[in-house]
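Everything below, folded, please.
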Amino acid sequence: MLKKFINDPKDVVEEMLEGFLAAHQGEVRRLETSRVIVKKEAPIKNKVGLVTGGGSGHKPAFIGYVGKGLVDAVAVGDIFSSPSAQQIYDAIKAVNSGKGVLCVLGNYSGDVMNFDMAAEMAKDEGIEVEQVIINDDVGSGPKEEIENRRGVAGEVVVWKAIGAKAEEGASLEEIKEVAEKVNANTRSMGVAHSPCAVPSMPHGGEPNFTLGENEMEIGVGHHGEPGVERVPIKSADETTEILLNKILQDVPFKRGDEVSVLISGLGSTSLLELYIVYRKVAKMLKEKEISIHISYIGEYFTSMEMGGYSVTLTRLDDELKRLLNAPAHSPLFIQN
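Predicted structure coming up:
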């Protein structure tokens, strides 16, 4: 059992939201009739609404990215579970100002099904809705079947870019094109040396997968899905080299490219370790004459208390550099 500071396991999501709203009541609010978190001022006149959502347990994703220059609403699911179609529909309605709504979601069957249903419900009411499904996880399938890959920390880069584009007053079509461009040029891969647990008993939960004392899972998913291989644990440099080489070969990234780098801890990996990882990424990219335009190091998309990290690379053009440079402010993400 993995120990947790919780009360009743059935109440963890609701109690988390109560605390989140109490801490950030000046920035966000909850819809009265649905488990949806929205910007305090939503809907915003003459602005395309941006909606995302997914299971809880990935903090700061998803609710931590509701804010200026980011997304407008998040439909909040249970731990590692999709929000309902009704929640997503309520989120779409809450941010619609007449310019349409873009939904961005990870490529998971429950999310895809429920977002599709919600979009149809909204379209029946005359709301223009578009969707982009993120599939940046190199570890979840071969390149030949990229449409089956999961969406992971690359979603953060998408939210940042489309949030900035929407702030510029862009159309729904223009913002969707940005989301698709980021997704097409983004690759991620994770690794874990210890599991996480969904709360299922008074003070903890059972691990969602097991690893030997000296093992790690290359390509692990954000819910503990199996990766590409299970190997003896290696040093930070050796592990990072494995992940980054798989990412670099997948697009492929090449000499002269400019990229953003996102190193995200999966829940219990220290910032000290993440900077050691970034050191190796920066060194490898320099050797390959790939320039880092902007970097994010910290916990951006976690998996409860999983021990591990993910590396995300996005190839940038002038537009994406401008959008990633733009200021953004939400309860758990600030860029000046």
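
Now residue 201: closest residue in space, sequence neighbours ignored.
residue 9 (6.5 Å; CB to CB, 6 or more residues apart in numbering). From N, CA and C alone the C-beta is placed, and that goes for glycine too.

Just confirm that neighbour contacts residue 203, I think it does.
No. Counting by CB atoms under 8 Å, residue 9 does not reach residue 203; the two are 9.2 Å apart.

Enumerate every residue touching the residue nearest to residue 201.
199, 200, 201, 202, 205 (CB atoms under 8 Å, 6 or more residues apart in numbering).

In the stretch 151-300 of the chain, what residue spans correspond to strands?
For the stretch 151-300 of the chain, applying DSSP state E, counting those that start in this stretch gives strands covering 186-194, 204-205, 215-218, 229-232, 258-265, 291-298.

rewinding a little: please report how far the residue nearest to residue 201 lies from residue 77.
16 Å (CB to CB, to the nearest Å).

got it, and residue 236?
33 Å.

Next: residue 33.
17 Å.

ok, these two, which is more surrounded?
It is residue 77, of residue 33 and residue 77, that has more neighbours when counted by other CB atoms under 10 Å, with 23 against 8.

How about residues contacting the helix or strand that contains that one?
Secondary structure assignment for residue 77, by DSSP states H and E: strand 73-79. Counting contacts by CB under 8 Å, 6+ apart, the residues outside strand 73-79 that touch it are 12-13, 17, 34-39, 42, 49-57, 62-63, 65-66, 83-84, 87-88, 90-92, 94-95, 198-199, 304.

Could you give the number of residues near residue 36?
28.

wait, isn't it in contact with residue 89?
No. The pair residue 36 / residue 89 is not scored as a contact, 9.5 Å apart, by CB under 8 Å.

for the record, mean pLDDT for stretch 34-53?
Mean per-residue pLDDT for stretch 34-53: 97.

Output it as PDB, nothing but the C-alphas.
Once non-C-alpha atoms are left out, stretch 34-53 reads as follows in PDB (Å, rounded to 0.1, in the frame of the first residue of the first chain):
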ATOM      1  CA  SER A  34     -21.400  20.700 -13.000                       C
ATOM      2  CA  ARG A  35     -17.900  19.700 -12.000                       C
ATOM      3  CA  VAL A  36     -16.300  22.200 -14.400                       C
ATOM      4  CA  ILE A  37     -13.700  24.900 -13.500                       C
ATOM      5  CA  VAL A  38     -13.800  28.000 -15.600                       C
ATOM      6  CA  LYS A  39     -12.100  31.400 -15.700                       C
ATOM      7  CA  LYS A  40     -13.700  33.900 -13.400                       C
ATOM      8  CA  GLU A  41     -14.700  36.100 -16.300                       C
ATOM      9  CA  ALA A  42     -15.800  33.500 -18.800                       C
ATOM     10  CA  PRO A  43     -17.200  33.700 -21.400                       C
ATOM     11  CA  ILE A  44     -15.000  36.400 -22.800                       C
ATOM     12  CA  LYS A  45     -16.400  38.600 -25.500                       C
ATOM     13  CA  ASN A  46     -15.000  38.200 -29.000                       C
ATOM     14  CA  LYS A  47     -12.700  35.400 -28.000                       C
ATOM     15  CA  VAL A  48     -12.700  31.700 -29.000                       C
ATOM     16  CA  GLY A  49     -13.400  29.500 -26.000                       C
ATOM     17  CA  LEU A  50     -10.800  26.900 -25.100                       C
ATOM     18  CA  VAL A  51     -11.800  23.700 -23.300                       C
ATOM     19  CA  THR A  52      -9.800  20.700 -22.100                       C
ATOM     20  CA  GLY A  53     -10.400  18.100 -19.500                       C
END
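
From here on, call the first residue 20.
Happy to do that; since the first residue is 20 now, the last one works out to stretch 53-72.

Next, the buried residues of that stretch.
53-58, 61-63, 66-72 (16 or more other CB atoms under 10 Å).

from these, which ones fall inside helices?
Judged by DSSP state H, the buried residues of stretch 53-72 include no members of helices.

neighbours of residue 97, just the number please.
Count around residue 97 with other CB under 10 Å applied: 17.

how close does it get to residue 73?
10 Å.

Residue 42 too?
Counting by CB to CB - residue 42 and residue 73 are separated by 21 Å.

Settle it for me: which of these two has more neighbours?
Using other CB under 10 Å as the criterion, residue 42 and residue 73 rank with residue 73 on top: 27 against 11.

List the contacts of the closest residue to the more buried one other than its chain neighbours.
For residue 73, ignoring the flanking residues on the chain, the nearest one in space by CB to CB, 6+ apart is residue 81 at 5.3 Å. Neighbouring residues of residue 81 by CB under 8 Å, 6+ apart: 71, 72, 73, 93, 95.
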